[in-house]
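Trainee: Sequence and computational prediction follow.
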Amino acid sequence: MDLFNDDHSTANDHQLFVVGSIRAIFFESQDNFYKVLSVQIKERNFDWDADEIVLVGSFGDVDQDTEYRFYGKLVDHYKYGKQFSVDHYESETPTTAKGLTAYLASDDFPGIGAKTAEKIVTMLGTDLIPKILNDSSVLDPIGLSAKQKKTLVSGVQNHDGVEQIIIGLNGYGFGSNLSAKIYNCYKEKTLSIIKENPYQLVEDINGISFKKADRIASELGFENNSPGRLRAGIMTALDKLALSNGGTYTNVRSLVLESLELLNGSRDGSIGANELGKQVVALAREQKIVGEDNRVYLKKLYDAEWEIADNLNRLNKAGDDTQATSDEQVDKMINRIELENQIDYDESQINALKMAMKSSVFLLTGGPGTGKTTIIKGILSLYAKINDLSLSIKDYDESPYPFLLAAPTGRAAKRMRETTGAEASTIHKLLGLNINNESQDDDFESREVTGQILIIDEMSMVDTYLFRTLIKAIPEHMKVILVGDRDQLPSVGPGQVFSDLLESQTLPSLELNTIHRQDDKSTIIELAHEIKNGRLPSDFTTNQSDRSFIECNAKQVQSVIKQVIGRAHQRGFKSTELQVLAPMYKGPIGVNNLNQIVQAIMNPKTSPDQKEVTFRDVNYRIGDKVLQLVNSPENNVFNGDIGLITSIITDGKNSSHDKLVVAFDDAEVTYQRRDWIQITLAYCTTIHKAQGSEFKMVLLPIVPQYTRMLRRNLLYTAITRASKLLVLAGDINSFKRCVQDPGTRRNTSLAERLIVIIKGSQHDPISNHHETKVNEQADRNNLDVNNGQLHKNNQSEQMVLTNELLNSHSIDPMIGMTGISPDQFN
Ligand SMILES: Nc1ncnc2c1ncn2[C@@H]1O[C@H](COP(=O)(O)OP(=O)(O)OP(=O)(O)O)[C@@H](O)[C@H]1O
């Protein structure tokens, strides 16, 4: 038998095991349950020529005095040699009645004597510990005092709780990271929650797939058509369809097909559409999802779109005092600003300034170099003049500064500060959001924003959740200016807020079209505008002073990158000035691999004793350029921020105490090893992560291997990141494919909501249009509505809602009846 290749992952008679006690803990992860142990072998069922063996896997608080039985497989680690990788384990002691009685009568359980201990063991049996952990009411018939019961339960939880839970999670096949996540979410209730409804894990724990939960459920004997299974399948399908495509809803047909594929694909037997329909209705009744016409929404996204529309209507109607200034006065002030700044605004720029002053909410869009920043500065000056305000923050010791500028990322906020000369923060900081109260949280009330005028830049990056939180926090009579480039990639999170606001034509808006950045002979901006209009210029492959095209195929991309970066490095470019962009993470020409290639050139290991730490197969050295992956307002660093490693602090004895110090533009952050997951190398990033930033030189490979990503807005966004030099590498056909594919619009209904609410309120300013709209919907479908929620109201309720949710014309109209097989939807 080849011990190293056989899969012993499921418990069976032939599974390898070791019985023994722990001699040493070599490594203990700080952020999950992963440990490396040395175990003195007492018994084993495989050949091993030493007394001790190294074990790796996830373990709870293992006790050096306890004997354990470890199940798993032998593995050959490329660096550390042969080890035993533990799938699950159990404590060997105390499992006898005698041992357990002595254990319960010990000092660990004050107030429980030998007699009581014996009684407990007799009544509950030798598996009393898991029984008590699972449900402490098993102790009720024993007749313990309340105090004794409390001592016993908390003692068992303290001594054996985490241990038993980890053993239990091991048994379900969870590794260290997921075990830690699950335990942190449910604590002592972990095993009972999983036993009751393993599908709950899909909803609560990021990283647990439906398939994984389904496997556990199957082991636990959950029926193929159990309601929990169907509902989890529906929610997973909805999540996959709506969120992964960036929309706020999906259509019924897709949801039904996706759910059936998921539910019928992973187990034998076939779920009918009728059964599925019932659970869709139940989820709607519980307000987890909302059906409207042929669409199905996650409730929180459905609400977020309505709330955005309601709040924009509130602000749009409020008006502000600026509107009292006459047109002549505004003209004069604009002239003065032109003189002061030695600029002649073009006609559309002047219109933008005037509209911004006249409107409570104003949308400004335009491609690169059309003057968005120029107009932001102009708006600040004009607003200050009209309201007789000082722009200097020093003049506002006592009162709040009236001018607020914010952007969705730290880099974008920094650029806003640099280009306007005014103070600017991230939207998260403005709202007081942090990791614990992210904008998805329905109940979170951010602090109210104070000031008189708020300007948000890079609006295309703002998603539905963040915009909902922002717009709710803005008081009436605050002027709101939303600036962005509608042709850039939409937000990473759900929605396409800025594009929907413009599309709805319900709010004053203006598009700047004249390119002003001509004098520096930039051809990058012209190229960007051509791409935006769906064309590649005829000189696309001809080298220009600021851009070049290197023809290559996917296999040659690495070599091209090595050569271009090598040359730029020789010419003195710093790593912060150079940026390689790639559309995806994985593969030989994905972000992860290209990062290693560029790192080897920009910051190579120069001597064997140079300080270096490794995390998840990435080596970090002093001087490395790193990217922050999550918002961390407490450290003043945000998703997309780029910094340099300035120091590596290692602890020779325990690597879990190692630290990295990173200098960002506005902060220096020390990361404990458990937080290294928040950063990655930044020599190469995805185009999404680079949005909101500019770099002196951008190198962009585009080859057919990126196929799924080749869209016009992706190429446009990538190109507009380059301020001075752009190197394009790849094959011309892939670039052509990008410009020819405008992509599909995301499934969102914000534009519709705005039309209903804002246009509606122009005729009828009093009624709540959100409710009216839902009531109309409900009337049509014989539904009762309370506070905008759909409720069912009569015997035929299920049919009504089923039809409401499943009334796609392309679906068999018999859906909702028995005897329908999923094949009929094909
Ligand atoms: N009316 C004008 N006359 C002369 N120069 C102008 C005018 N408007 C803008 N510019 C200049 O054009 C350049 C681009 O303007 P600006 O930076 O405001 O555009 P932008 O839309 O913010 O560009 P990007 O999106 O690339 O940052 C700047 O150098 C600016 O000074």
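Mentor: Happy to help now that I have it.
Trainee: Please name the nearest non-neighbouring residue to the most centrally placed residue in the chain.
Mentor: By Cα atoms, centre = their mean, the mean C-alpha position of the chain lies nearest to Gly493, the distance being 7.1 Å. In this structure, Gly493 finds its nearest non-sequential neighbour in Asp463, 3.0 Å apart by Cβ to Cβ, 6 or more residues apart in numbering. (C-beta placed from N, C-alpha, C; glycine too.)
Trainee: Does the one you found touch Phe498 like I think?
Mentor: No - if you go by Cβ atoms under 8 Å, Asp463 and Phe498 don't touch, sitting 10.2 Å apart.
Trainee: With neighbour numbers in mind, choose between the two.
Mentor: A count of neighbours by other Cβ atoms under 10 Å puts Phe498 above the other of Asp463 and Phe498, at 25 against 21.
Trainee: Just give the nearest non-adjacent residue to the more buried one, would you?
Mentor: Spatial nearest neighbour of Phe498, excluding adjacent residues (Cβ to Cβ, 6+ apart): Met459 at 4.0 Å.
Trainee: Please list all residues in contact with the one you found.
Mentor: Residues in contact with Met459, defined by Cβ atoms under 8 Å, 6 or more residues apart in numbering, are Leu363, Leu482, Val483, Gly484, Val497, Phe498.
Trainee: Top of the residues you listed by number of neighbours, please.
Mentor: Neighbour max across the contacts of Met459 (other Cβ under 10 Å) = Val497, 30 neighbours.
Trainee: I'd like to know which residues of this protein are adjacent to the ligand.
Mentor: 343-346, 349, 366, 368-374, 516-517 (Cβ under 6 Å from any ligand atom).
Trainee: Filter those residues down to the buried ones.
Mentor: The neighbour count (16 or more other Cβ atoms under 10 Å) marks Tyr345, Asp346, Gln349, Gly366, Pro368, Gly369, Thr370, Gly371, Lys372, Thr373, Thr374 as buried among the residues of the chain next to the ligand.
Trainee: Show me the two of those residues that sit farthest apart.
Mentor: Farthest-apart pair in these is Tyr345 and Pro368; separation 17.9 Å (Cβ to Cβ).
Trainee: Most proximal residue of the stretch 701-826 of the chain with respect to the ligand?
Mentor: Residue of the stretch 701-826 of the chain nearest the ligand, by Cβ to the nearest ligand atom: Thr720 (6.6 Å).
Trainee: Tell me the spacing between that residue and Ile531.
Mentor: 9 Å (Cβ to Cβ, to the nearest Å).
Trainee: Secondary structure and pLDDT for the buried ones among the residues of the chain next to the ligand - can I get that in TSV?
Mentor: Formatted as TSV, these follow (DSSP: H, G, I helix; E, B strand; the rest coil; pLDDT from 0 to 100):
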residue	secondary structure	pLDDT
Tyr345	coil	95
Asp346	coil	94
Gln349	helix	96
Gly366	strand	93
Pro368	coil	86
Gly369	coil	84
Thr370	coil	90
Gly371	coil	91
Lys372	helix	93
Thr373	helix	92
Thr374	helix	93
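Trainee: Do a quick rundown of the strands in the stretch 301-450 of the chain.
Mentor: 361-366, 403-407, 425-426 (DSSP state E, counting those that start in this stretch).
Trainee: repeat for the stretch 651-800 of the chain
Mentor: Using DSSP E, counting those that start in this stretch, strands in the stretch 651-800 of the chain cover 659-663, 668-672, 679-681, 684-686, 695-702, 722-730, 784-786, 789-791.
Trainee: Out of those strands, which is the most enclosed?
Mentor: When those are scored by mean count of other Cβ atoms under 10 Å, the highest mean neighbour count falls to strand 684-686 (a mean of 25).
Trainee: Just list what that one packs against, helices and strands only.
Mentor: strand 578-582, helix 591-602 (3 or more Cβ pairs under 8 Å, 6 or more residues apart in numbering; DSSP states H and E).
Trainee: Which single residue of the stretch 101-250 of the chain ends up nearest the ligand?
Mentor: Minimum separation of the stretch 101-250 of the chain from the ligand (Cβ to the nearest ligand atom) falls at Gly246, amounting to 22.8 Å.
Trainee: Can you get me a residue count around that residue?
Mentor: Around Gly246 there are 20 residues (other Cβ under 10 Å).
Trainee: list the contacts for it?
Mentor: Pro490, Ser491, Gly493, Pro494, Gly495, Gln496, Arg746.
Trainee: Now the fourth one: phi and psi?
Mentor: With angles defined as degrees, to the nearest 10, Pro494 sits at phi -60, psi 150.
Trainee: Which helix in the chain has the most residues?
Mentor: helix 299-318 (DSSP state H).
Trainee: for that one, which positions count as buried?
Mentor: So for helix 299-318, counting by 16+ other Cβ under 10 Å, buried means 299-316.
Trainee: again, but for stretch 173-181
Mentor: Phe174, Ser176, Asn177, Leu178, Ser179, Ala180, Lys181.
Trainee: With stretch 67-79 instead?
Mentor: Buried positions in stretch 67-79, judged by neighbour count with 16+ other Cβ under 10 Å: Glu67, Tyr68, Arg69, Phe70, Tyr71, Gly72, Lys73, Leu74.
Trainee: Please look at the first one and Ile22 and confirm they touch.
Mentor: This points to Glu67. No - if you go by Cβ under 8 Å, Glu67 and Ile22 don't touch, sitting 9.2 Å apart.
Trainee: which strand is the longest one in this protein?
Mentor: strand 16-28 (DSSP state E).
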